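Asks: next come a sequence and a model predicted from it.
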Amino acid sequence: AQTVTQSQPEMSVQEAETVTLSCTYDTSENNYYLFWYKQPPSRQMILVIRQEAYKQQNATENRFSVNFQKAAKSFSLKISDSQLGDTAMYFCALNTPLVFGKGTRLSVIA
Amino acid sequence: DSGVTQTPKHLITATGQRVTLRCSPRSGDLSVYWYQQSLDQGLQFLIQYYNGEERAKGNILERFSAQQFPDLHSELNLSSLELGDSALYFCASSGLGGIGELFFGEGSRLTVL
């Protein structure tokens, strides 16, 4: 069975600072995809970034980047220059159909 | 706007009742997924349909059922509702050319009183 674990239920960061959200996963597949989704107070699920397991290069999307460690089955999300609008629940997810972690509630403080 | 449409956005009903949630996927997407998100919880995968056929099943209760119609819209039927069924129900779709990315609707919030 595929599992996704997010060990940080809540985090906070000062505006303009950098924060890293952790995620570990388990799968027996060799080719798979990993995602970070953001859920702001509006409850809409928004894709932040995705990573293909066969790619060694870490994905980057503007202020968002990942540290993908395949051997360790780790997939962390780094948010640089945090903004108030980044305040949300962040979910790590694996494959399709997606298996989600329980989420990390991130608060960006002015 | 993800292109996935869910109706109704909000629904309040009583225990023992039956409701139907509707989802229209993005244009061209063949796969539809249903997820349940209880209060402050992660998303639990319920079921997936691909081009009208059931493709994968998750933690879906026997009281729940779903189907995907020839026009690719999907319905999730919830019956004999219990208080614990109160949740946000998301529909998502993906395309054949996608890499597993799901596009989510805004969700249907069900409250069972």
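Replies: Thanks, I have the structure now.
Asks: C-alpha from now on. contacts and neighbour counts both.
Replies: OK.
Asks: contact partners for the residue most central in space within chain A?
Replies: Nearest to the mean C-alpha position of chain A, by C-alpha atoms, centre = their mean, lies A:Trp36 at 3.7 Å. Counting by C-alpha atoms under 8 Å, 6 or more residues apart in numbering or on different chains, A:Trp36 makes contact with A:Leu47, A:Val48, A:Ile49, A:Arg50, A:Leu77, A:Tyr90, A:Phe91, A:Cys92, A:Ala93.
Asks: show me what it bridges to in the sheet.
Replies: According to DSSP bridges, the partner residues bridging A:Trp36 are A:Ile49, A:Cys92.
Asks: now do A:Phe75
Replies: Counting by DSSP bridges, A:Phe75 forms beta bridges with A:Phe68.
Asks: surely B:Leu11 is in a helix?
Replies: No. Under DSSP: H, G, I helix; E, B strand; the rest coil, B:Leu11 sits outside any helix and is assigned strand.
Asks: the residue nearest to it when sequence neighbours are not counted and A:Leu94, how far apart?
Replies: In space, not counting the residues next to it along the chain, B:Leu11 is nearest to B:Leu110; the distance is 4.9 Å by C-alpha to C-alpha, 6 or more residues apart in numbering or on different chains. From B:Leu110 across to A:Leu94, the span is 26 Å (C-alpha to C-alpha, to the nearest Å).
Asks: the strands in chain A, which residues?
Replies: Counting by DSSP state E, chain A has strands at residues A:3-5, A:10-14, A:19-21, A:24-26, A:33-39, A:46-52, A:60-61, A:64-69, A:74-79, A:88-94, A:99-100, A:104-109.
Asks: which of these is buried the deepest?
Replies: Burial of these is given as mean neighbour count (mean count of other C-alpha atoms under 10 Å in any protein chain shown); strand A:88-94 ranks first at a mean of 26.
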